[in-house]
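**Q** Provided below are the primary sequence and the corresponding predicted coordinates.
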Amino acid sequence: MSLALEHKRRVQAQGSAAVAHVAAAAALPYSPGDALSSPANARKHLKLMEAGLDEDLARLKAIQSLAGKQDLKRTELLPKYQDYIQRYLESDLVMPNRVLVQVLVWLFDTTQFDDALELADIAIEQGQLMPERFKRRDIQTFVADAVCEWAYAEYQAGRSPEPYLSNLLPRVDGEWNLTEQIPSKYHKLIGMRAMEAEQWETALKHLERSTELYPKAGNDTRLEKVRKALAKQTAANQVTE
């Protein structure tokens with residue numbers, strides 16, 4: 001379920017009644033209607049949510065298997081915190097929110113990219129910060145890295161990384177301020193896939209851009225092959241004319 005789109009639908013269809021209904025379902029230890037009614041109450045409520053979050057992070061840390069961690073995130077933790085995130089968005093309050101950012105991370109961890117990318121837009125707009133363990137990466141860098149790593153893993157497994165790879169490219173190479181290696185990787189993978197489809201002009205465009213951004217991207221052999229294929233294609237076209 002899209003957090004951002006669900007928020008819009010609920011507000012448009014039900015108005016303020018939607019907020020009251022969701023808050024009532026939260027079973028807070030004090031009046032649900034007051035939980036996010038003011039910045040002061042919202043900060044108090046956030047501290048309660050953060051305390052629960054820290055307990056859940058400790059639970060995750062104790063699980064050894066990646067599959068076990070992913071199952072806990074997907075089946076229990078994300079549903080648990082989604083209600084709070086919806087109410088936070090509906091409140092129109094903006095504050096540093098570690099719970100929102102952690103939900104964002106879990107959505108990417110569990111490859112729920114539609115929800116993850118929408119929540120990322122909100123987090124970027126609000127100026128949210130990544131947890132300290134992410135070594136001062138901003139949200140844009142985290143998102144770009146997460147999708148890129150997933151895309152290469154999908155490619156190596158013989159699956160398509162689209163539409164997320166191409167859809168994110170205008171942001172990665174243009175809108176966001178990222179180190180050159182990241183957009184270079186995006187262009188490289190798109191170029192590699194174009195080569196396999198024998199879309200030589202598309203492959204040349206992206207591999208050249210990848211190399212322009214990061215000369216050590218390792219595209220030399222691929223570029224040579226693409227240019228030879230294009231030259232052969234041009235020669236063949238001239239013969240038939």
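**A** Perfect, thanks for sending it.
**Q** contacts and neighbour counts: CA atoms only from here.
**A** OK.
**Q** contacts for the helix or strand encompassing A67, please.
**A** Element membership for A67, per DSSP states H and E: helix 66-72. Contacts with helix 66-72, where a contact means Cα atoms under 8 Å, 6 or more residues apart in numbering, come from L60, I63, D109, T110.
**Q** can I get the buried part of those residues as one ChimeraX selection?
**A** Restricted to buried positions by 16 or more other Cα atoms under 10 Å, the ChimeraX selection for the contacts of helix 66-72 reads:
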select :60,109
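**Q** where are the low-confidence patches of this structure?
**A** Residue ranges of the chain with pLDDT under 70: 1-35, 37, 240-241.
**Q** any chance you could map the helices in it?
**A** Secondary structure of the chain, counting by DSSP state H: helices at 3-14, 16-24, 39-62, 66-72, 78-91, 98-109, 113-126, 139-156, 164-170, 181-196, 200-213, 220-240.
**Q** now the last one, how far from the centre of its chain.
**A** Spelled out, that is helix 220-240. Remark: helix 220-240 is offset 37 Å from the chain centroid, using Cα atoms, centre = their mean, to the nearest Å.
**Q** now do that helix: which elements does it pack against?
**A** helix 200-213 (3 or more Cα pairs under 8 Å, 6 or more residues apart in numbering; DSSP states H and E).
**Q** C-alpha coordinates for the helix it packs on, PDB please?
**A** Extracted C-alpha coordinates of helix 200-213, given in PDB (Å, rounded to 0.1, in the frame of the first residue of the first chain):
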ATOM      1  CA  TRP A 200      23.700  -0.400 -30.400                       C
ATOM      2  CA  GLU A 201      23.000   3.300 -30.500                       C
ATOM      3  CA  THR A 202      21.400   3.200 -27.000                       C
ATOM      4  CA  ALA A 203      24.300   1.100 -25.700                       C
ATOM      5  CA  LEU A 204      26.800   3.600 -27.100                       C
ATOM      6  CA  LYS A 205      25.000   6.600 -25.600                       C
ATOM      7  CA  HIS A 206      24.900   5.100 -22.100                       C
ATOM      8  CA  LEU A 207      28.300   3.500 -22.100                       C
ATOM      9  CA  GLU A 208      29.900   6.700 -23.200                       C
ATOM     10  CA  ARG A 209      28.100   8.600 -20.500                       C
ATOM     11  CA  SER A 210      29.200   6.100 -17.900                       C
ATOM     12  CA  THR A 211      32.800   6.500 -19.000                       C
ATOM     13  CA  GLU A 212      32.500  10.300 -19.100                       C
ATOM     14  CA  LEU A 213      31.200  10.300 -15.500                       C
END
